[in-house]
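Engineer: Show me the folded form of this:
(2 chains)
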Amino acid sequence: TQLLEQSPQFLSIQEGENLTVYCNSSSVFSSLQWYRQEPGEGPVLLVTVVTGGEVKKLKRLTFQFGDARKDSSLHITAAQPGDTGLYLCAGGGSNYKLTFGKGTLLTVNP
Amino acid sequence: KAGVTQTPRYLIKTRGQQVTLSCSPISGHRSVSWYQQTPGQGLQFLFEYFSETQRNKGNFPGRFSGRQFSNSRSEMNVSTLELGDSALYLCASSSQGLSSYNEQFFGPGTRLTVL
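Structural biologist: Numbers count the residues shown, from 1 in each chain, chains lettered A, B, ... in the order given. The predicted structure is shown next:
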C-alpha cells in the first residue's frame, strides 16, 4: 500500500512570511500533484511534476519533486491571506489511481 | 469548458436510509473517481469508473456502490446509512490519456450528514 505523509499537519503564519510543506513516501510515484482546497469546495489542481529533481514555479509557489520520485515539497514566498487553504499532495502510479496525503492546513493571518 | 458538477450539494439523511449522489464529468473525460473526505481520515478513494466499467476500488464496505453511464455521468449509492458515513463526497474526472499523469479535476462535493 502506497502512503503519502504530509508535514506539518497545521501551519499558521503571518502575511509576508515564507513557508515550506513536505510530502514524503517510501514508494516511487510516476507523478506527483499538488492541490489546494478551500472550505466547502473540491481540491483544485495546482501543479503536476513527473521528473525526478523537477522544479516548477507558479508565481510565489515553488514545487519540487525529489530525485528518487518519492517526495516533494511546496515552498510559498511572502504568503498572503489568499493562500489560506488545505494543501494536498497526491501520487500517481501505473494503475490510474491517485494516492492522497492527509494535507497541510495553512492559515495566513493578515 | 464546464467543470465537474455534483448534485445535490447538501443532503441530510437518517440512519438506515439510502442515498444516491450524482456527478457529471468534464466533457470528453471518460474516467470518474469518487472519494470520501473526513477531517480524521482525509481523502479516501472509493472507486473509479472508466467507460462504464469499475476499474479500481478502495477499501469500503459493499454498502458503497457506483455506476457510470454511457455519457460518462456517474452515480454513487450508499445503502443502510450509518452515522460514520457523514462526510464530503467528492467526484473527480480525468481524461486518462497517455499524457494525463492521473491529473484529476474535482467537483465541489456533496456534503452528506447522517442523523
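
Engineer: Which other helices and strands does the worst-scoring helix or strand of chain A on mean pLDDT contact?
Structural biologist: Every helix and strand in chain A was compared by mean pLDDT, DSSP states H and E; the lowest is strand A:98-100, with a mean of 87. Using 3 or more CB pairs under 8 Å, 6 or more residues apart in numbering or on different chains; DSSP states H and E, the elements in contact with strand A:98-100 are strand A:85-92, strand B:42-50. In this view, the C-beta of every residue, glycine as well, is placed from N, C-alpha and C.

Engineer: Contacts for that strand next, please.
Structural biologist: When contacts are defined by CB atoms under 8 Å, 6 or more residues apart in numbering or on different chains, strand A:98-100 is touched by residues A:2-4, A:29, A:33, A:88-93, B:33, B:35, B:42-43, B:45, B:102, B:104.

Engineer: quick revisit: now, of the helices and strands packed on strand A:98-100, which is deepest in the fold?
Structural biologist: Mean neighbour count (mean count of other CB atoms under 10 Å in any protein chain shown) peaks for strand A:85-92 among the helices and strands packed on strand A:98-100, with a mean of 24.

Engineer: Spit out the contact partners of residue 64.
Structural biologist: Reading this off chain A. When contacts are counted by CB under 8 Å, 6+ apart, A:Q64 touches A:49, A:53-56, A:72-73, A:75.

Engineer: think we crossed wires, I meant chain B
Structural biologist: Taking CB under 8 Å, 6+ apart, we find B:F64 in contact with B:46-47, B:76-78.

Engineer: from those, which single one is nearest chain A?
Structural biologist: Closest approach between the contacts of B:F64 and chain A, by CB to the nearest CB: B:F47, at 10.1 Å.

Engineer: Can you give me the pLDDT of the closest one?
Structural biologist: According to the prediction, B:F47 has pLDDT 91.

Engineer: picking up where we left off before, skip ahead from the least confident helix or strand of chain A and say which helix or strand is next.
Structural biologist: Using DSSP states H and E, the helix or strand that follows strand A:98-100 towards the C-terminus is strand A:104-109.

Engineer: and that next one, which residues are buried?
Structural biologist: Buried residues in strand A:104-109, counted by 16 or more other CB atoms under 10 Å in any protein chain shown: A:104-106, A:108.

Engineer: Please list the residues of chain B that sit near chain A.
Structural biologist: Residues of chain B lying near chain A by CB under 8 Å from any CB of the partner chain: B:4, B:31, B:33, B:35, B:41-43, B:45, B:48, B:50, B:55-56, B:90, B:92, B:94, B:96, B:101-109, B:111.

Engineer: Restricted to buried residues, select those in ChimeraX.
Structural biologist: Restricted to buried positions by 16+ other CB under 10 Å, the ChimeraX selection for the residues of chain B next to chain A reads:
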select /B:4,31,33,35,42,43,45,48,50,55,56,90,92,94,96,101,102,103,104,105,106,107,108,109,111
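
Engineer: mind listing which of the residues of chain B next to chain A are in strands?
Structural biologist: B:31, B:33, B:35, B:42-43, B:45, B:48, B:50, B:55-56, B:90, B:92, B:94, B:105-106, B:111 (DSSP state E).
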